[in-house]
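S.K.: here's my sequence, what's the structure:
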Amino acid sequence: MPVASTVRTPELFNGILKDYQLKGLQWLVNCYEQGLNGILADEMGLGKTIQAMVFLAHLAEEKNIWGPFLIVAPASVLNNWNEELERFCPELKILPYWGGLSERTVLRKSMNPKDLYRREAKFHILITSYQLLVADEKYFRRVKWQYMVLDEAQAIKSANSIRWKTLLSFNCRNRLLLTGTPVQNNMAELWALLHFIMPTLFDSHEQFNEWFSKGIENHAEHGGTLNEHQLNRLGSKAELQGSATSKYPKALILSIDKILLILNPLSQL
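M.R.: Below you'll find the model as predicted:
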């Protein structure tokens with residue numbers, strides 16, 4: 001993937017990024033500038049939430065793209081998203097979309113497309129749960145979202161689920177998946193995630209299975225394509241903050257070749 005010019009932490013973000021988080025921002029910007037969707041699959045605790053929100057701040061500050069951005073997450077972490085955004089990106093207007101039916105009816109008054117897509121909009125980022133998004137899908141369909149960010153994206157690992165089909169049909173310019181849970185030994189789940197971000201490239205589940213069942217010789221041929229769309233880093237915070245001589249580099253990127261060796265153990269023979 002061609003590398004964009006070096007990015008800096010946007011002024012809209014009131015915080016200090018660790019080196020590997022800044023590299024994560026660089027990767028997200030590269031994906032955006034190349035017209036690619038992606039999967040940020042850093043290990044839990046490495047700040048996927050921070051990297052996603054600083055990226056949205058970058059789009060607003062550097063590209064004048066003020067949303068609307070849609071963040072979908074499990075209900076248990078909605079408040080965390082809201083609090084982190086208010087803390088680190090106070091100039092971005094947040095619409096916390098949850099509550100009872102009457103409360104959501106009031107909230108939807110802010111979702112008129114005519115009032116969005118600019119800094120003066122009533123909100124820039126809408127946060128909601130997977131359950132509410134499916135329940136109120138007809139209202140969300142009226143908006144063209146600049147970015148759809150799915151937290152704990154393993155929630156859409158089944159291509160047969162109503163949730164997966166509903167989200168896939170939404171009108172959005174770009175998609176970003178966040179997950180700290182790797183797909184293990186299940187090509188159907190991997191295809192569901194890859195088709196979600198690259199429906200044209202990974203159109204057929206059958207072709208996908210055939211593609212990756214031919215052995216390791218095909219991994220090198222197709223690995224570069226997949227690697228452009230996934231950033232996956234492992235290690236504790238201390239290890240990632242360590243010096244250049246520490247056990248782990250500041251950004252340990254697993255190539256898709258290694259992931260495929262895990263998915264297809266026979267290819268190691």
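
S.K.: please report phi then psi for G38.
M.R.: G38 has phi and psi values of phi -150, psi 170 when expressed as degrees, to the nearest 10.

S.K.: how about L178?
M.R.: The phi/psi pair for L178 (degrees, to the nearest 10) is phi -120, psi 130.

S.K.: for it, which residues are in contact?
M.R.: 39-41, 48-49, 52, 149-153 (CB atoms under 8 Å, 6 or more residues apart in numbering). To be clear about C-beta, it is placed using only N, CA and C from the backbone, and glycine gets the same treatment.

S.K.: closest to F123 out of these?
M.R.: Within the contacts of L178, the smallest distance to F123 is 14.7 Å, found for V149 (CB to CB).

S.K.: still on that earlier bit, most widely separated two among the contacts of L178?
M.R.: Taking every pair in those and measuring CB to CB, the maximum separation is 14.9 Å, between I39 and T49.

S.K.: which members of the contacts of L178 occur in helices, if any?
M.R.: 48-49, 52 (DSSP state H).

S.K.: now the strands for the stretch 1-150 of the chain?
M.R.: Listed from the start of the chain, the stretch 1-150 of the chain has strands (DSSP state E, counting those that start in this stretch) covering 38-40, 69-73, 94-96, 125-129, 145-150.

S.K.: now the last one and strand 125-129, what's the angle there?
M.R.: Which is strand 145-150. An angle of 40 degrees separates the directions of strand 145-150 and strand 125-129 when computed by axes from the mean of the first three to the mean of the last three CA atoms, to 10 degrees.

S.K.: what lines up beside strand 145-150 in the sheet?
M.R.: strand 69-73 (parallel), strand 172-178 (parallel) (DSSP bridges).

S.K.: give me the mean pLDDT for the last one.
M.R.: Right, the one you point to is strand 172-178. In this model, strand 172-178 carries a mean pLDDT of 95.

S.K.: cool, and the first one?
M.R.: Across strand 69-73, pLDDT averages out at 98.

S.K.: and it, how far out from the chain middle?
M.R.: Chain-centre distance of strand 69-73: 9 Å, with CA atoms, centre = their mean, to the nearest Å.

S.K.: convert it to PDB, retaining C-alpha atoms only.
M.R.: The C-alpha coordinates for strand 69-73 follow below in PDB (Å, rounded to 0.1, in the frame of the first residue of the first chain):
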ATOM      1  CA  PHE A  69     -20.000   9.000  11.600                       C
ATOM      2  CA  LEU A  70     -21.700   5.900  13.000                       C
ATOM      3  CA  ILE A  71     -20.200   3.900  15.900                       C
ATOM      4  CA  VAL A  72     -21.800   0.600  16.700                       C
ATOM      5  CA  ALA A  73     -20.800  -1.300  19.800                       C
END
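
S.K.: who touches it?
M.R.: Here strand 69-73 makes contact (CB under 8 Å, 6+ apart) with 52, 56, 81, 124-130, 133, 140, 143, 145-152, 167, 170, 172.
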